[in-house]
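Trainee: My questions concern the predicted model and sequence given below.
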Amino acid sequence: MVGMPVVDVPETPVAAAAPRVPVPQARPFLHILSAHLKETFFPDDPFRAVAREDGHGRRAVAALRYLFPCLEWLPCYTLRALRSDLIAGVTVASLAVPQGISYAKLADLPPIMGLYSSFVPALVYAVMGSSRDLAVGTTAVGSLLFPALLGKEAPPAENPELYMHLAFTATFFAGVFQAGLGILRLGFVVDFLSQAAIVGFMGGAATVVCLQQLKGLLGLQHFTRATDVVAVMRAVFSQTHHWRWESLVLGCCCLIFLLMTRFFSKRRPKFFWVSAAAPLASLIVGSVLVYLIHGQNHGIEVIGNLKKGVNPSSAKSLILSPPHMMVALKTGIITGLIGLAEGIAVGRSFAMSKNYHVHNNKEMVAFGLANIVGSCTSCYLTTGPFSRSAVNVNAGCKTAMSNAVMAVAVAVTLLFLTPLFHYTPLVVLSAIIISAMLGVFDFPAAVRLWKVDKLDFCACLGAYLGVVLDNIGIGLSIAVGISVVRILLFVARPRTTALGKMPNSTMYRRMDQYAMAESVPGVLVLQVDAPIFFTNASYLRERISRWINEEEERIKATGEQSLQCVVLDMGAVAGIDTSGTKLIEDLSKSLHMKNIQIALANPGSEVMKKLDMSKVLMRIDDEWIFQKVGDACDYALLNCKIATVQHSIV
């Protein structure tokens, strides 16, 4: 028609020189598999330190340094470091002796085994451990788990010999389990126990331990073996006529003294040794007092005779055949897992404060070998308890040599000083345990969980109530269950959010977080915050479809330009499987039926490779694959304008 303006409509959209995302070159399957296995099981790349050495001899030395961490610091060990480790080791030994006796009584084992467990395992860890600060020994939670899990099979009061043999066997299986995890490079298994679950479990276990000590404080002869708060309170108040005021007064005085010294040491960190020496001082004063007043005649029970001499062999006491082996195996796995979680968590916390690294797998092997050797030398479960480790750090330890010094000090006690503990009152041991357990309650951590993440606080509270209201096994199951469920929910229900353009910028940010972010007319930008696998592909299909439907309804209500393109920001999609590629393909088909284009922004190499191999890229058309969300939106807007012009001409 004459006089009508001529409009030049390009046949194909023109991209403003936006660089495309390349498809990575194909690699052999074995290369890909080995790379994945290396990243999963060898994140610390232990072979690098060996491979970079020249010559077979130097490589052998480097391998030995990796296997035996003590070889890293022994060649450059100095007298100054030895002096610091001597002070720290002797200081920790003064705490290890009363704690070892106390925890052995808590485990319903002979008190001397608490001292045995602070000798041989500490020497093994000094050679194998990668932490400079951990002080190895028994723990209250582990000690409580033994009678709770083994008591039904072999009641300690009725069959003490069988119970002791089962304790050795459970320790052996715990060591095998721990060392096996380390050798197989499965250190990440410990990470499945969330910090929230550990805080709740440890708090519940500390509550149970404190309640169990009411037997010693009140001088009761008979007490319930149940650990829940209802059963313990019933046992306490049903025997009011058996309460001994002498035992209660001595126990309360000892407990007040221990708490006061702890408070003083916290206020004056230079006097850390006051709190560390307080348990041993309590034992000495209590023993002298009971000896002078003949406390046994007034209802104050004492330890009695302790055998002199270092650890006797117990290898022949291991029960490795039915019918009792299975309960020992179950106990070993549970206590081994708890011991690892506690020891590695404590080691990490001190390592972070001193700016060095603790290797999970090395620690697992070290704890495992310590418990395997310990089970053959009359020891029960050991790990790195917080109380001893804190004293070790405050005393100025420099290396794991402090564990060897502590072991020597304990050996001297075993050889020459055990008769001095004959008159040690059990109520003092109860006070020492209660004092140590009060430090396990991490109230600041629980408050922080409540403020930061309510779901984490619920996990913490669930684990705590499970331990306190039922038993430790239920509490542990709840702690593990909540952690696993949260992981599954995170994987199965990833977050998808809408992105908008920031004013006067090329950046795109979440619209629910940035109020100034503006939606792009005709374009819906969605961000997927997790890998796309079979566990979440169905959910993502429904969730993205709902995003599209809601956007179309909003456009229809406001009369804006119709939806022309859906951009998926794939920057956080670290991986994808066949279900994920099928999701992208189905989404492309469904949008094509609505005359809506799909575009992908910032897909990773693995995503691009699998989309290419599954022919999904061919369906989408590689010109709709972009490096940045901004490029995708600009390209979509250009197409929208061209489509509008073409429609107006028609």
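Mentor: Thanks, I have it. Numbers count the residues shown, from 1 in each chain.
Trainee: what sits against the residue lying closest to residue 139 once chain neighbours are set aside?
Mentor: Once flanking residues are discounted, residue 139 sits nearest to residue 385: 4.6 Å by Cβ to Cβ, 6 or more residues apart in numbering. To be clear about C-beta, it is placed using only N, CA and C from the backbone, and glycine gets the same treatment. Applying Cβ atoms under 8 Å, 6 or more residues apart in numbering to residue 385 gives the contacts 99, 135, 137, 138, 139, 140, 342, 346.
Trainee: Residue 361: helix or strand, and which one exactly?
Mentor: helix 360-375 (DSSP states H and E).
Trainee: just checking, what packs against that helix?
Mentor: Packing partners of helix 360-375 (3 or more Cβ pairs under 8 Å, 6 or more residues apart in numbering; DSSP states H and E): helix 120-128, helix 160-183, helix 325-354.
Trainee: Would you tell me which one of these is buried the most?
Mentor: Ranked by mean neighbour count, the helices and strands packed on helix 360-375 are led by helix 120-128 with a mean of 25 (mean count of other Cβ atoms under 10 Å).
Trainee: Which SSE is immediately downstream of that helix?
Mentor: helix 140-150.
Trainee: which helices and strands does that following helix pack with?
Mentor: So helix 140-150, by 3+ Cβ pairs under 8 Å, 6+ apart, packs with helix 79-106, helix 160-183, helix 195-212, helix 325-354, helix 426-438, helix 472-492.
Trainee: what would the ones you listed look like in JSON lines with mean pLDDT and distance to residue 35?
Mentor: Shown next, in JSON lines, are the helices and strands packed on helix 140-150 (pLDDT from 0 to 100; distance: least, Cβ to Cβ, whole Å):
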{"stretch": "helix 79-106", "mean pLDDT": "88", "distance to residue 35": "40"}
{"stretch": "helix 160-183", "mean pLDDT": "94", "distance to residue 35": "22"}
{"stretch": "helix 195-212", "mean pLDDT": "83", "distance to residue 35": "30"}
{"stretch": "helix 325-354", "mean pLDDT": "87", "distance to residue 35": "27"}
{"stretch": "helix 426-438", "mean pLDDT": "85", "distance to residue 35": "46"}
{"stretch": "helix 472-492", "mean pLDDT": "79", "distance to residue 35": "22"}
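Trainee: So which of those is nearest residue 633?
Mentor: Nearest to residue 633 among the helices and strands packed on helix 140-150 is helix 472-492 (28.8 Å), distances taken as Cβ to Cβ.
Trainee: in the stretch 351-500 of the chain, which ranges drop under the pLDDT threshold?
Mentor: With pLDDT under 70 as the threshold, the stretch 351-500 of the chain has no low-confidence stretch at all.
Trainee: Am I right that residue 356 sits in a helix?
Mentor: No - the assignment for residue 356, made by DSSP: H, G, I helix; E, B strand; the rest coil, is coil rather than a helix.
Trainee: now residue 594: how far from residue 587?
Mentor: 11 Å (Cβ to Cβ, to the nearest Å).
Trainee: so residue 210 touches residue 437, yeah?
Mentor: Yes - using Cβ atoms under 8 Å, residue 210 is in contact with residue 437, at 5.2 Å.
Trainee: Tell me how this protein divides into domains.
Mentor: Following the TED database, the chain resolves into domains at 47-76, 77-485, 494-639.
Trainee: Next, the buried residues of the first one.
Mentor: Along domain 47-76, the positions that meet the burial threshold by neighbour count (16 or more other Cβ atoms under 10 Å) are 50, 59, 62, 65, 66, 69, 70, 73.
Trainee: any idea of the mean pLDDT in it?
Mentor: Averaged over domain 47-76, pLDDT sits at 80.
Trainee: quick one on the thing from earlier: what's the closest of the contacts of residue 385 to residue 250?
Mentor: Closest approach between these and residue 250, by Cβ to Cβ: residue 99, at 18.8 Å.
Trainee: contacting residues around stretch 584-602?
Mentor: Identification of contacts with stretch 584-602 by Cβ under 8 Å, 6+ apart yields 21, 541, 544-545, 548, 563-571, 611, 614, 616, 619-620, 624-629, 631-632, 635-636, 639.
Trainee: What about those residues, which are in helices?
Mentor: For these, the ones inside helices are 541, 544-545, 548, 611, 616, 619-620, 629, 631-632, 635-636, 639, with DSSP state H as the criterion.
Trainee: Out of these, flag the one nearest to residue 30.
Mentor: residue 611 (22.5 Å).
Trainee: hmm, back to that, CSV for the domains of the chain, including distance to residue 38?
Mentor: Shown next, in CSV, are the domains of the chain (distance: least, Cβ to Cβ, whole Å):
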stretch, distance to residue 38
domain 47-76, 9
domain 77-485, 10
domain 494-639, 15
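Trainee: closest to residue 40 out of those domains?
Mentor: Using Cβ to Cβ, the domains of the chain put domain 77-485 closest to residue 40, at 7.9 Å.
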